[in-house]
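Participant: curious how this folds, go ahead:
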Amino acid sequence: MCAGTAEGAGAAQYYFDSVIKCCTYIPELPNFLVGRILSDNDPGAEAGRATVIKRIADRVGVTPMGLAQPAVFSLLYHGSEQSFGRSRTLRCPHYIDEGGRCGIWRHRDATCATWFCKHVRGNLGYAFWRESLHRLLSAIESDLARWCFLEMHPSNELLEQLIGTAAWTSSTEKVTGESLNNTVNPETYARLWGEWRGRETEFFHGCANLVSRLSWTDVLAISGPGAKAYARLTKQAYQRLISSDLPPALKVGSMQLVQIQHGVTRINTYSSYDPLDVPQVVMELLPYFDGRATEVALSSIEEERGVRLDLDLICKMVDFGLLVPAAKTQPPSPAP
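Facilitator: Numbering: from 1, shown residues only. The predicted structure follows:
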């Protein structure tokens, strides 16, 4: 995603700032991941650990559920899609200038663990990583964070204070004057932490210890039906990802034209970050894929145009959504 690294012509607005890359997102870290970062005594993790300690000390978005995004950042982040990967103002606080690396990489959250600017097998890869695995891990993070909180035996007063907040319900925090100024009301903060106020680090360590003992079976047993559903769908998405089967019938999918130059058409299908450069001769053959059987379409192309399309090329067009499975049509009902 750095300008000059991709072959062929392209729009400059698609490239990222090479100084910050895609690290223009502040992760929302569940309590047990915060604890794992604080417990990581590897010298190489020291710089990243310091960034988390600072977030805790600043108290903005810090609750027993973990570290949430500051309201100011959330507004800026969601306010302009073109800022991602390009605005240094949005740079992640865990980004380490030296070497341009992530300071909490080993303990990154679901979003950072599953986001890629480009995917092997295009839309199939995206469907596995973002639409399946990301949702699974996000659901697990939320469920485990609540479980950890309860396992830390909070008082009824603290439970009552926390359970109605955005941190517990995983909803968007209301924007206040204080949050816009990146400040925290001391009284509100004290109520959210109750008996753990002043011992936040100890609390996060305890959450990490609780989760470190769990097996995958334990995690699914603790998690709600949402996580169990996404676990099934993730397996299904993975099977699709490793399958080389072609759909029996294909049609042209949706695409966005980016640029035409020297007999090559650049298009976007599933993502603006992963465009395809398609030879014009291939673009001209797309109308043959009109829902007829794939084998019939390929035979027609060879007979009428004298072109034999390689199956690997067809697979790539399917992977990227340039070609999509045609809906099955019902045979006509017999006449009465």
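Participant: ok, residue 194 to residue 269 distance?
Facilitator: Distance from residue 194 to residue 269, counting by C-beta to C-beta, to the nearest Å: 50 Å. Heads up, the C-betas are built off the backbone N, CA and C, glycines and all.
Participant: who has more neighbours out of these two?
Facilitator: More crowded of residue 194 and residue 269, by other C-beta atoms under 10 Å: residue 269, with 22 against 17.
Participant: what's the residue nearest to that one when sequence neighbours are not counted in contact with, if anything?
Facilitator: Excluding the flanking residues, the one nearest residue 269 by C-beta to C-beta, 6 or more residues apart in numbering is residue 321, at 4.2 Å. The neighbours of residue 321, taking C-beta atoms under 8 Å, 6 or more residues apart in numbering as the test, are 122, 123, 253, 254, 255, 269, 270.
Participant: which among those count as buried?
Facilitator: Among the contacts of residue 321, those scoring as buried are 122, 123, 253, 255, 269, 270 (criterion: 16 or more other C-beta atoms under 10 Å).
Participant: quick one: the fifth one and residue 294, what's the gap?
Facilitator: Computed as C-beta to C-beta, the residue 269 to residue 294 distance reads 18 Å.
Participant: would you map the strands across the stretch 201-336 of the chain?
Facilitator: Ranges of strands in the stretch 201-336 of the chain, per DSSP state E, counting those that start in this stretch, are 249-252, 256-261, 264-268, 276-279, 290-293, 323-325.
Participant: and the ones you listed: which comes nearest residue 239?
Facilitator: Of all those, strand 323-325 sits nearest to residue 239, with 15.6 Å by C-beta to C-beta.
Participant: centre of the chain versus the closest one, how much separation?
Facilitator: 24 Å (C-alpha atoms, centre = their mean, to the nearest Å).
Participant: what's the answer for stretch 49-61, then?
Facilitator: For stretch 49-61, the distance to the chain centre is 23 Å (C-alpha atoms, centre = their mean).
Participant: contacts for it, please.
Facilitator: So stretch 49-61 is in contact with 29, 34, 37-38, 40, 62, 67-71, 93-94, 103-104, 173, 179, 182-184, 189, 200-201, 204, going by C-beta under 8 Å, 6+ apart.
Participant: before we move on, what about stretch 305-314?
Facilitator: Taking C-beta under 8 Å, 6+ apart as the rule, stretch 305-314 contacts 246, 250, 281, 282, 285, 294, 298, 301, 302, 323.
Participant: list the buried residues for it?
Facilitator: 309, 314.
Participant: measure it end to end?
Facilitator: 16 Å (C-alpha to C-alpha, to the nearest Å).
Participant: pLDDT score for the closest residue to residue 86 other than its chain neighbours?
Facilitator: Of all residues not flanking residue 86 in the chain, residue 17 sits nearest, at 5.3 Å (C-beta to C-beta, 6+ apart). pLDDT recorded at residue 17 is 90.
Participant: go ahead and confirm residue 17 touches residue 84.
Facilitator: No: using C-beta atoms under 8 Å as the test, residue 17 is too far from residue 84 to be in contact (10.2 Å).
Participant: so which residues of the stretch 51-200 of the chain form strands?
Facilitator: Counting by DSSP E, counting those that start in this stretch, the strands of the stretch 51-200 of the chain are 62-63, 66-67, 95-96, 101-102.
Participant: how about residues contacting the second one?
Facilitator: In other words, strand 66-67. 27-34, 52, 55-56, 61, 145, 167.
Participant: parallel or antiparallel, list what pairs with that strand.
Facilitator: strand 29-30 (antiparallel), strand 62-63 (antiparallel) (DSSP bridges).
Participant: need those strands in a markdown table with mean neighbour count, can you?
Facilitator: Listed next are the strands paired with strand 66-67 as a markdown table, based on neighbours: other C-beta atoms under 10 Å:
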| stretch | mean neighbour count |
| --- | --- |
| strand 29-30 | 27 |
| strand 62-63 | 22 |
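Participant: of those, which is nearest residue 239?
Facilitator: strand 29-30 (28.5 Å).
Participant: now that closest one: average pLDDT?
Facilitator: Rounded mean pLDDT across strand 29-30 is 98.
Participant: contacts only, for residue 247.
Facilitator: 294, 318, 324, 325, 326.
Participant: could you dump the lowest-mean-pLDDT helix or strand in the chain to CSV, C-alpha only?
Facilitator: Scoring the helices and strands of the chain by mean pLDDT, DSSP states H and E places helix 177-180 at the bottom, with a mean of 74. Taking C-alpha atoms only, helix 177-180 is exported to CSV below (Å, rounded to 0.1, in the frame of the first residue of the first chain):
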residue,chain,number,x,y,z
GLY,A,177,-17.8,17.7,26.9
GLU,A,178,-15.3,15.9,29.1
SER,A,179,-14.8,13.1,26.6
LEU,A,180,-14.2,15.6,23.8
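Participant: by contact count, what packs against that helix?
Facilitator: Contact partners of helix 177-180 among helices and strands, from 3 or more C-beta pairs under 8 Å, 6 or more residues apart in numbering; DSSP states H and E: helix 71-79.
Participant: what is the helix it packs on packed up against?
Facilitator: Packed against helix 71-79, as judged by 3+ C-beta pairs under 8 Å, 6+ apart, are the following elements: helix 177-180.
Participant: now the helix it packs on: how far from the chain's centre is it?
Facilitator: 28 Å.
Participant: how about that helix: buried residues?
Facilitator: residue 179.
Participant: good, we can wrap up now.
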